[in-house]
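Student: Below is the structure, and that's it, no one-letter string:
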């Protein structure tokens with residue numbers, strides 16, 4: 001199998017039924033219910049986007065192959081190898097949605113790690129207490145409830161490349177969760193020595209079940 005990014009992207013957007021690879025997240029109950037979602041909202045003092053609620057009812061977090069989004073409209077589905085990063089961005093850090101029990105604000109997350117005060121999220125990220133991490137580590141996908149938003153936008157924050165005082169701290173911004181979700185794309189399904197892959201990753205249980213027999 002070639003150790004390069006997948007250079008052919010499927011044109012179709014995910015649905016709540018196809019988003020997850022098929023294996024639940026290891027650290028939490030595999031299935032959420034309305035009560036667990038409400039408890040999470042109360043803990044974080046937020047109201048989740050309806051589409052995100054539906055995703056959690058499908059599965060309580062876990063891996064996904066829908067990890068890319070186009071950097072600009074009209075991105076080719078099969079760009080030249082050298083141009084892949086020009087057209088497509090990895091937009092689901094960790095290639096997984098965190099389970100409900102792991103959702104936290106960036107402000108609260110900082111209290112669990114050793115950090116340089118000069119690079120404090122609390123001090124330098126806009127309303128870090130209203131940035132709710134839903135994916136990633138070092139690079140974070142967050143719901144942004146800042147500025148009094150009740151319907152959050154979605155932001156991608158790369159702590160490795162970020163510097164305090166940057167007036168544009170986010171790598172990418174989507175106006176709402178639906179726009180983010182429907183813009184995600186996955187690599188095409190390929191085979192190497194009879195084994196199915198999505199990009200560099202072996203295909204998940206859902207793809208495996210469709211290709212067996």
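Tutor: Ah, there it is. Quantities reported herein were computed from a predicted structural model and do not represent experimental measurements.

Student: Which residue ranges of this structure form strands?
Tutor: Along the chain, the segments classed as strands by DSSP state E run 20-24, 62-64, 68-70, 88-90, 96-97, 104-105, 131-137, 139-144, 153-158, 172-174, 184-185, 189-192, 195-198, 201-202.

Student: Where among those is average confidence lowest?
Tutor: Mean pLDDT is lowest for strand 201-202 out of the strands of the chain, coming in at a mean of 78.

Student: strands paired with that one, and their directions?
Tutor: Partners of strand 201-202 in the sheet, by DSSP bridges, are strand 195-198 (antiparallel).

Student: Buried residues, the strand it pairs with. List them.
Tutor: By neighbour count on 16 or more other CB atoms under 10 Å, the buried set for strand 195-198 is 196, 197, 198. For every residue, glycine as well, the C-beta is placed using N, CA and C.

Student: Of these, just say which sits nearest to residue 125.
Tutor: The nearest member of the buried residues of strand 195-198 to residue 125, counting by CB to CB, is residue 198 at 32.6 Å.

Student: give me every residue that touches the closest one.
Tutor: By CB atoms under 8 Å, 6 or more residues apart in numbering, the residues touching residue 198 are 6, 65, 186, 187, 188, 189, 190, 204, 207.

Student: before we move on, back to that, okay, the strands of the chain in CSV with distance to residue 77 next?
Tutor: Output for these, formatted as CSV (distance: least, CB to CB, whole Å):
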stretch, distance to residue 77
strand 20-24, 21
strand 62-64, 19
strand 68-70, 10
strand 88-90, 9
strand 96-97, 24
strand 104-105, 36
strand 131-137, 24
strand 139-144, 23
strand 153-158, 22
strand 172-174, 19
strand 184-185, 8
strand 189-192, 14
strand 195-198, 14
strand 201-202, 18
